[in-house]
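Trainee: Can you look at this prediction? I've put the sequence above it.
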Amino acid sequence: MSMQMQTMRMHQQRQQMRRGGLYGYGGYGAGGMSPVIPYRMMQWGDYQIRVDRETFEHIPITPVMLQAGRGQLRARRHRTAAALLLAAAALWLLLWGLAPVFDAVVTLAALLLATAGAAWQGRHPTRRRPPVPRLRFIPAAAPGEGLNADADPEPFAIREAGRSPREAREAVRLALKAHKAPIGDVGVPEATTWGWRVPLVLKNGTLEQLSASFPTVATTLRVGRGRLLAQVPDPEDSAAVTLRVLTSDPFVAAATAPYPVRAPRSSSILDRVSLGGSIDGGETEVLLAGQHVIITAVSGGGKSSMVRRLAEFVTSCVDAVAIDIDPTGRGLGALRPCAAHTAYSAQAAERLLESLLTRAERRVSLLPDLRDDWEPTPQAPAIVVFLDEYRLLSKRAKDMTIKLLTYSRKTKISLVLSTTDATADAMGDAIAEAFGVRVLMPCRSADVPVVTGIPGAIGQGWLPHLLVPSPSEEEPADAGQFYCRTPRHREPILRYVPRLHPVRAADVARERIAAGLCVLPDVDPTPAAAGPDTAPAGAAGAGDEATVPQIAQRLLDAFAAAGDPEWLTLTQIADHLATVDPATWARWDGRRDRLAMVGRTLNAELRSAGLTIPRARLDSTLDPERPMACKLADVRAALGR
């Protein structure tokens, strides 16, 4: 019986395996598929049909939706904050009940913690956006601009702009804006050999306010000190400004170019002479005839270059002479032999200034009624006095210099005054205003308003005090660079005068002495009256006077100054010669052998000129002391007159 039952159970298991798969595990075996799977597939098919029948429409995110979402976030933060406050209050009540002794401490601590937490949460919110799983939309596009889209980039050095006007404009704009300069607009820069010329338009400030920001702007642009120059190019538009940014030395080519030396006797004092070239390439032409010049420069500023520039021009003129006065003894340097008269001590300078003042007064008295100004001629030349270190003169010499300043156009006696200190303490009140040409080389800031005559000159762009003087010949620095104010030049434009090397100056002096310099007579001839048919003064007989040696002409002038007497004593002749040429004839003043030395020198001068003029003692009836004398008839006889 049991055997039969086991056989039937095994048969049933085989039948079940054939119906349900391997081992009959409900259709999940490897031998067949469960009926659940087709049912699930049928359900997914029906769901696919219903989904396909639905119509979907994209709903864009609107500001209202964003505002609602933010409101929900704020509400959630408020609820959280309220819960925290309630928890803090409960904690406070608990602590107050448990520790009444420390209630004040706990209260204060709780308030501080609550205040700090609220402040931190307000400034550093940590839940600005909903959690990522709850974000059920994708933004159409990322925001095109950031929160700081209008912020300017950092300023940069102008050399990084290369030669690109656009980059240079941006460098200047950022630098000026960073230092709050009153600029409304920055134009397109113009590239030059020395840097950039940038047109600006002031917004609501002045040129003085703009210039005040230059030291810090120069640091931002990475240019040198004093290398930002500004001026108003149009006097009718004070808002328009030209800014010059110097990235290199603008006068390198001028410093290395050959010096333009004039030929002997090729110029006239009525010609214009250039003081030097400007940064814009133009020349600085001025008229020396009847116009005073002041040159202000510290030691190493290039003052000698400017003086020699003018002296080189004057000594090439056929109708002008140079007079050299320098209490320090340097004077015109290698051009000193070309000077008509020299004075290298305070005493000699005083005597020479006195003779010049006398000549100026006499020229005014000789002017005809129909002539207002002295007319320079080879026989009555203009006089240019080069006076160095005015502050070292004696008080009497200074007084005579000031008087000479009143004689300029009328007498054609001009002063070229060089000084290292132009303040009122050194020059006297308002003396600088008497000069028509004012040159400022590297100098002190206190000299700038005095020489220019402008109280706010530095704020208007006059910056000679920022120029660096030369410490030695090997390092020129800014020596020779200058600003000037003349009747034709009123803007603060940087200029440069090249240096005439002493060796070249000595060659020029020898050439001009050999060719013949203009001679200053001891007594000026009377000018002819002005009129259409009147010849220039001294035109008649000019050839005869040109053949008269200088020493003979001086003797004739000595007689003419005394009224052409029959004779003059050697003392009178020595006094006259010491007045017109102190350097030669005043060397023995105060010595007992003065007359003997003057007589020897006079004989030597006459021999070198090929003349023989006898001297003899006067008769006792004419002078009891019987001094040595010279007769006018003997002088004229020696000249063949």
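Mentor: Ah, there it is. Numbering: from 1, shown residues only.

Trainee: Tell me who's in contact with residue 386.
Mentor: Remark: with contacts taken as C-beta atoms under 8 Å, 6 or more residues apart in numbering, residue 386 is in contact with 307, 310-311, 322-326, 331-332, 339, 416, 418. (Each C-beta comes from the backbone N, C-alpha and C, glycine too.)

Trainee: Quick check: which element contains the closest residue to it other than its chain neighbours?
Mentor: Setting aside the residues directly before and after it, residue 386 is nearest to residue 416 in space (C-beta to C-beta, 6 or more residues apart in numbering), at 4.9 Å. Residue 416 is part of strand 413-419, with elements assigned from DSSP states H and E.

Trainee: returning to what we had before: cross the contacts of residue 386 against helices and list the overlap.
Mentor: With helices taken from DSSP state H, the overlap with the contacts of residue 386 comprises 307, 310-311.

Trainee: nearest to residue 598, of those residues?
Mentor: Comparing the ones in helices among the contacts of residue 386 against residue 598 with C-beta to C-beta picks out residue 311 as the nearest, at 29.3 Å.

Trainee: what number of residues lie near the closest one?
Mentor: Neighbouring residues of residue 311 were enumerated by other C-beta atoms under 10 Å; the total is 28.

Trainee: Residue 67 now?
Mentor: 10.

Trainee: Doesn't it lie inside a strand?
Mentor: No. Residue 67: not assigned to a strand; according to DSSP: H, G, I helix; E, B strand; the rest coil it is helix.

Trainee: Report the contact partners of residue 240.
Mentor: Applying C-beta under 8 Å, 6+ apart, we find residue 240 in contact with 199-202, 232-234.

Trainee: If any of the residues you listed are buried, put those into a ChimeraX selection.
Mentor: The ChimeraX selection below is limited to those of the contacts of residue 240 classed as buried (16 or more other C-beta atoms under 10 Å):
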select :199,200,202,232
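
Trainee: Please produce a markdown table containing the contacts of residue 240, extended by distance to residue 176, pLDDT and secondary structure.
Mentor: Output for the contacts of residue 240, formatted as a markdown table (distance: C-beta to C-beta, whole Å; pLDDT from 0 to 100; DSSP: H, G, I helix; E, B strand; the rest coil):
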| residue | distance to residue 176 | pLDDT | secondary structure |
| --- | --- | --- | --- |
| 199 | 13 | 93 | strand |
| 200 | 8 | 93 | strand |
| 201 | 11 | 92 | strand |
| 202 | 11 | 91 | strand |
| 232 | 17 | 83 | coil |
| 233 | 18 | 81 | coil |
| 234 | 20 | 80 | coil |
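
Trainee: How many neighbouring residues does residue 124 have?
Mentor: Burial of residue 124, expressed as a neighbour count using other C-beta under 10 Å, amounts to 7.

Trainee: ok, now residue 275?
Mentor: 24.

Trainee: ok, now which ones touch residue 110?
Mentor: Applying C-beta under 8 Å, 6+ apart as the definition, the contact partners of residue 110 turn out to be 88, 91-92.

Trainee: Derive a ChimeraX selection command for the buried subset of the residues you listed.
Mentor: Selecting just the buried residues from the contacts of residue 110 in ChimeraX takes one command, with 16+ other C-beta under 10 Å as the test:
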select :92
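
Trainee: Can you tell me the element residue 286 falls in?
Mentor: With DSSP H and E as the criterion, the answer for residue 286 is strand 283-287.

Trainee: Show me what that strand pairs with in its sheet, parallel or antiparallel.
Mentor: Each strand pairing with strand 283-287, determined using DSSP bridges, is listed with its direction: strand 272-278 (antiparallel).

Trainee: Is it correct that residue 521 is in contact with residue 555?
Mentor: No. At 11.8 Å, residue 521 and residue 555 do not qualify as touching, with contact defined as C-beta atoms under 8 Å.

Trainee: more neighbours, those two?
Mentor: The residue with the greater number of neighbours, taking residue 521 and residue 555 and applying other C-beta under 10 Å, is residue 555; the counts read 29 against 20.

Trainee: Which helix or which strand is home to the more buried one?
Mentor: Secondary structure assigned from DSSP H and E places residue 555 in helix 550-561.

Trainee: contacting residues around that helix?
Mentor: By C-beta under 8 Å, 6+ apart, the surrounding residues in contact with helix 550-561 are 519, 521-523, 545, 548, 565, 568, 572-573, 576-577, 580-581, 602, 605-606, 609, 611, 613, 630, 632, 635, 638-639.

Trainee: Please, a ChimeraX command that selects the buried ones among the residues you listed?
Mentor: The following ChimeraX line selects those of the contacts of helix 550-561 that are buried, judged by 16+ other C-beta under 10 Å:
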select :519,521,522,523,545,548,568,572,573,576,577,580,581,602,605,606,611,613,630,632,635,638,639
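
Trainee: And residue 525, how close does it get to residue 321?
Mentor: From residue 525 over to residue 321 the distance is 15 Å, taken as C-beta to C-beta, to the nearest Å.

Trainee: what about those two, which has more around it?
Mentor: Using other C-beta under 10 Å, the more surrounded residue of residue 525 and residue 321 is residue 321, with 22 against 15.

Trainee: Test for you: state the pLDDT assigned to the closest residue to that one other than its chain neighbours.
Mentor: Computed as C-beta to C-beta, 6+ apart, the closest residue to residue 321 that is not its neighbour in sequence is residue 340, at 4.0 Å. pLDDT recorded at residue 340 is 92.

Trainee: What of residue 266?
Mentor: At residue 266, the model reports a pLDDT of 89.

Trainee: Now that it has come up, it's in contact with residue 316, right?
Mentor: Yes. Residue 266 is in contact with residue 316 according to C-beta under 8 Å; the separation is 5.6 Å.
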